[in-house]
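K.L.:
Predicted model, plus sequence, below.
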Amino acid sequence: MILLLGGSGYVGRAFAELLRHQGVDFRSVSRSDCDYTQRDALIGLICESNASFLINAAGYTGKPNVDACELQKSQCLAGNAVLPGTIREACAMAGDLPWGHVSSGCIYTGARFDGGGFSEEDRPNFSFRTNNCSFYSGSKALGEECLVGAENVYVWRLRIPFDHRDSPRNYLSKLMRYHRLLEATNSISHLGDFVRASLECWLRRVPTGIYNVTNTGSVTTRQVVGMIEQELKLGRTFEYFDSEDEFMSLAAKTPRSNCVMDNRKLRATGIPIADVDDAIRVSLRNWTLQGAAL
Ligand SMILES: NC(=O)C1=CN([C@@H]2O[C@H](COP(=O)(O)OP(=O)(O)OC[C@H]3O[C@@H](n4cnc5c(N)ncnc54)[C@H](OP(=O)(O)O)[C@@H]3O)[C@@H](O)[C@H]2O)C=CC1
Ligand SMILES: Cc1cn([C@H]2C[C@H](O)[C@@H](COP(=O)(O)OP(=O)(O)O[C@H]3O[C@@H](C)C(=O)[C@@H](O)[C@H]3O)O2)c(=O)[nH]c1=O
């Protein structure tokens, strides 16, 4: 049985859907069963669960976006920095229960010095250590630090999720809803691909450790908008900020991580992951409006 924490969230629901679809026995633990900030209760729950694997899809993102974390720092630290460390302890007490943690590629900014994407070996350059980050990104980098040296955990880095379902959390919807757009280059993750590839890490028993679970390649905002225009024919124009400074002064409270990730470590395991352009095209061709039957 797989114990799923955060199963009611945006990412957790995608895991639950996949596990149900694959007929994998799992138990989703909601906040009413256990408040994860109640350390002893959480440790007791994990130790008594008899699970063979645990997925942590719980955390604190801020809504509608990470700007909200600047005002909710204690919740952000509790969900992103403290919780992974508590789960690590609990899994050790439960006889080294193997588990997977949903982290974020937002602990990087830009591209590597050689122009390539950041690999799992690269130190985060958008964290409290580098003193240039959003509070959210800093808290996620701390969460990864709590897991250094743990041998029974997968750290799956998700980035700016999207799929075919219109949602305030979906990157494609966000681009269609924001009044003005920031031109940036990013590696991003199709949500269905992310949960499938992450679960496969465990099902195939690939070595534990950090994995950048992003679709292959990177895209600019304008490239994604070009695909939206071609596939959805919305008959409208998209406005852009002149610069990141203008974005910061008009639309954001804290800097965003826009970065390129290298997913070769994941692909070297044999787990397939689509090219980012293909994943975006397929999502747009199957585009389903919010509230429409899925
Ligand atoms: N969405 C994104 O853009 C990205 C997300 N991630 C990471 O993925 C993880 C999940 O994010 P996402 O699904 O978007 O977030 P959501 O806010 O949609 O879901 C968070 C989940 O955590 C649960 N939870 C939070 N705090 C507690 C608590 N104290 N006790 C019990 N349950 C709790 C929530 O339960 P309840 O429903 O009861 O509140 C919910 O199930 C986070 O770690 C995030 O950093 C990484 C990259 C991108
Ligand atoms: C606010 C805003 C953002 N953007 C851009 C900036 C960025 O490239 C992209 C997404 O920015 P948002 O502010 O919507 O999303 P943000 O909250 O920064 O999203 C992040 O959430 C956390 C949870 C993660 O871990 C990340 O991987 C990522 O998904 O949209 C605009 O173009 N216009 C806007 O008005």
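P.N.:
It's in. Numbering: from 1, shown residues only. Ligands and ions are numbered 1, 2, ... in the order given.

K.L.:
What is the burial count for E144?
P.N.:
Around E144 sit 20 other residues, with neighbours defined as other Cβ atoms under 10 Å. C-beta coordinates here come from the backbone N, C-alpha and C atoms, glycine included.

K.L.:
May I ask you to confirm that it belongs to a helix?
P.N.:
Yes: counting by DSSP: H, G, I helix; E, B strand; the rest coil, E144 is part of a helix.

K.L.:
so how far is ligand 1 from it?
P.N.:
In this view, E144 and ligand 1 are 11 Å apart by Cβ to the nearest ligand atom, to the nearest Å.

K.L.:
Around ligand 2, which positions in the stretch 1-150 of the chain sit nearby?
P.N.:
For the stretch 1-150 of the chain, the residues in contact with ligand 2 (Cβ under 6 Å from any ligand atom) are 61, 65-66, 104, 106.

K.L.:
For those, work out which two are farthest apart.
P.N.:
Taking Cβ to Cβ as the measure, those span a maximum distance of 12.9 Å, between N65 and S104.

K.L.:
Which of these two has more residues huddled nearby?
P.N.:
Set N65 next to S104 and count neighbours by other Cβ under 10 Å: S104 wins out with 24 against 19.

K.L.:
is it true that that one touches I160?
P.N.:
No: in this structure S104 lies outside contact range of I160 using Cβ atoms under 8 Å: 9.1 Å.

K.L.:
how about the strands in the stretch 101-250 of the chain?
P.N.:
Here the stretch 101-250 of the chain has its strands, by DSSP state E, counting those that start in this stretch, at 153-158, 180-181, 185-186, 209-212, 219-220, 239-240.

K.L.:
And for the fifth one, what's in contact with it?
P.N.:
By Cβ atoms under 8 Å, 6 or more residues apart in numbering, the surrounding residues in contact with strand 219-220 are 183-186, 188, 276-277, 280.

K.L.:
Check those one by one and keep those near ligand 2.
P.N.:
Answer for these near ligand 2 (Cβ under 6 Å from any ligand atom): A184.

K.L.:
Out of the contacts of strand 219-220, which end up buried?
P.N.:
184, 186, 188, 276-277, 280 (16 or more other Cβ atoms under 10 Å).

K.L.:
can you redo these as TSV with pLDDT and distance to ligand 1?
P.N.:
TSV is the format used below for the buried ones among the contacts of strand 219-220 (pLDDT from 0 to 100; distance: Cβ to the nearest ligand atom, whole Å):
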residue	pLDDT	distance to ligand 1
A184	97	15
N186	98	12
I188	98	9
V276	98	15
D277	98	20
I280	98	16
